[in-house]
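*Asks:* Generate coordinates for the sequence data below:
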Amino acid sequence: MLKKGSKLNSILTGTCPKCQNESMYLDKNPLHLDKILKMHENCTHCGFKYQIEPSFFYGAMYVSYGLNVGIGIAAFIISYLFFSASIKVAFITIIVSLIVLFPFVLRWSRNIYINMFVSYDPKTNLK
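*Replies:* Predicted structure coming up:
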């Protein structure tokens, strides 16, 4: 499931979607907020240019919106239905979970977005 060549591997690890040998980000840790969006220009292994076109990653905002809606719904269901919390506590849970998961959602949305357009190419690993 998370083997090299799967889109899920590239999305969760933040590696190059074409060769999956190198991290796309200068700092692999998404909790370093000052470097969260700093990316390499190209993959040093296969030479793939991450910024496919100008302002390419603006489209990742739509993916981010979808992820945040999913997280909000999941937080509400877990807190309100499973733990029988009040509506007020359920909404506080949603807000807290969105704040805590913000750096991960930001990176996951970029990873998902670039993987929608670029597929793994095993030929790039033959170099």
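*Asks:* rest of the way, CA atoms for contacts and neighbours
*Replies:* OK.
*Asks:* Show me what the longest helix belonging to the chain packs onto, helices and strands only.
*Replies:* For the chain, the longest helix by residue count, based on DSSP state H, is helix 87-117. Contacts defined by 3 or more CA pairs under 8 Å, 6 or more residues apart in numbering; DSSP states H and E place helix 87-117 against helix 7-13, helix 60-76.
*Asks:* Please identify the deepest-packed of those helices.
*Replies:* helix 7-13 (a mean of 20; mean count of other CA atoms under 10 Å).
*Asks:* For that helix, what is the distance to the chain centroid?
*Replies:* 8 Å (CA atoms, centre = their mean, to the nearest Å).
*Asks:* Spatially, what comes nearest to the spatially most central residue of the chain if we skip its sequence neighbours?
*Replies:* Among the residues of the chain, residue 108 comes closest to the average C-alpha position under CA atoms, centre = their mean, at 0.7 Å. Of all residues beyond its chain neighbours, the one nearest residue 108 is residue 11 (6.4 Å), with distances taken as CA to CA, 6 or more residues apart in numbering.
*Asks:* residues touching the one you found, list them.
*Replies:* Residues near residue 11 by CA atoms under 8 Å, 6 or more residues apart in numbering: 108, 111-112, 115.
*Asks:* JSON lines please, covering the residues you listed and showing distance to residue 92 and pLDDT.
*Replies:* Below are the contacts of residue 11 laid out as JSON lines (distance: CA to CA, whole Å; pLDDT from 0 to 100):
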{"residue": "108", "distance to residue 92": "23", "pLDDT": "95"}
{"residue": "111", "distance to residue 92": "28", "pLDDT": "95"}
{"residue": "112", "distance to residue 92": "28", "pLDDT": "96"}
{"residue": "115", "distance to residue 92": "33", "pLDDT": "94"}
